[in-house]
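Peer 1: Take this sequence and fold it.
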Amino acid sequence: MRSKHLYLVVCGLFFCSAVLVGCSKSDPNSGTGASAAGSKFLLTAEPQNAKGIKEARGSTQDAEEITVVGRIGGDTDPWVKGQAAFLVVDTALKPCNEKDDDACTTPWDYCCDSDTLPDNKAMVKFVDANGSTVATDARELLGVKELQTVVVQGKAKRDESGNLTVLATGIFVRN
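Peer 2: Residues are numbered from 1 along each chain as shown. Predicted structure coming up:
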């Protein structure tokens, strides 16, 4: 009887430690709240050599593979409704809430930097295998929100005005 109880205790401890070890593996993107469909876009490690938005706008050619880093924002509503798309701003710019003299209610719009903002922002669109923008709001799909710093991989798309869009295939959300 005593050995049976000891066996159960040992098995229970083994099971609990296996569960704890399994749970302790930290995926930096596990806390983003991404949907099951969005999890395929989440990168498990931050890509190296990401360009800032301003640098990418100045040096990236159309259809070039690109990795950029930026903060979600650039407008009072940086989201494209019903699509996995949003604006990002170069991390060199400070949002209004990080400036001592600003009481802006929408700090992610960077209204305090309206003169330099156009050269420091880009559009990010998450695309499927056919190159079409995913028809799910980015907040729901990826669990992201305003002012989060993200590293995005994809292909550059340039328009005639020099604006940059990243046709994204992967995202890493910094904590």
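
Peer 1: all helices of the protein, in order?
Peer 2: Taking DSSP state H, the helices of the chain run over residues 2-24, 53-59, 138-142.

Peer 1: By mean pLDDT, show me the worst of these.
Peer 2: Across the helices of the chain, helix 2-24 has the smallest mean pLDDT, namely a mean of 43.

Peer 1: So, low pLDDT: which residues of the protein?
Peer 2: 1-32 (pLDDT under 70).

Peer 1: change it to 90
Peer 2: Residues of the chain that meet the criterion pLDDT under 90 lie in 1-33, 96-97, 99-104, 112-114, 175.

Peer 1: Break down it into its strands, ranges please.
Peer 2: Listed in chain order, the strands of the chain (DSSP state E) span 51-52, 65-72, 85-89, 121-126, 149-158, 164-173.

Peer 1: For the last one, name the packing helices and strands.
Peer 2: By that I understand strand 164-173. Here strand 164-173 touches helix 53-59, strand 121-126, strand 149-158, going by 3 or more Cβ pairs under 8 Å, 6 or more residues apart in numbering; DSSP states H and E. C-betas here are computed from N, CA, C, even on glycine.

Peer 1: any idea how far residue 164 is from residue 172?
Peer 2: Separation of residue 172 from residue 164 (Cβ to Cβ, to the nearest Å) stands at 19 Å.

Peer 1: ok, back up a step: as a markdown table, the strands of the chain with mean neighbour count and distance to residue 42 would be great.
Peer 2: As requested, those are exported to a markdown table (neighbours: other Cβ atoms under 10 Å; distance: least, Cβ to Cβ, whole Å):
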| stretch | mean neighbour count | distance to residue 42 |
| --- | --- | --- |
| strand 51-52 | 17 | 21 |
| strand 65-72 | 22 | 15 |
| strand 85-89 | 26 | 15 |
| strand 121-126 | 23 | 11 |
| strand 149-158 | 19 | 11 |
| strand 164-173 | 22 | 6 |
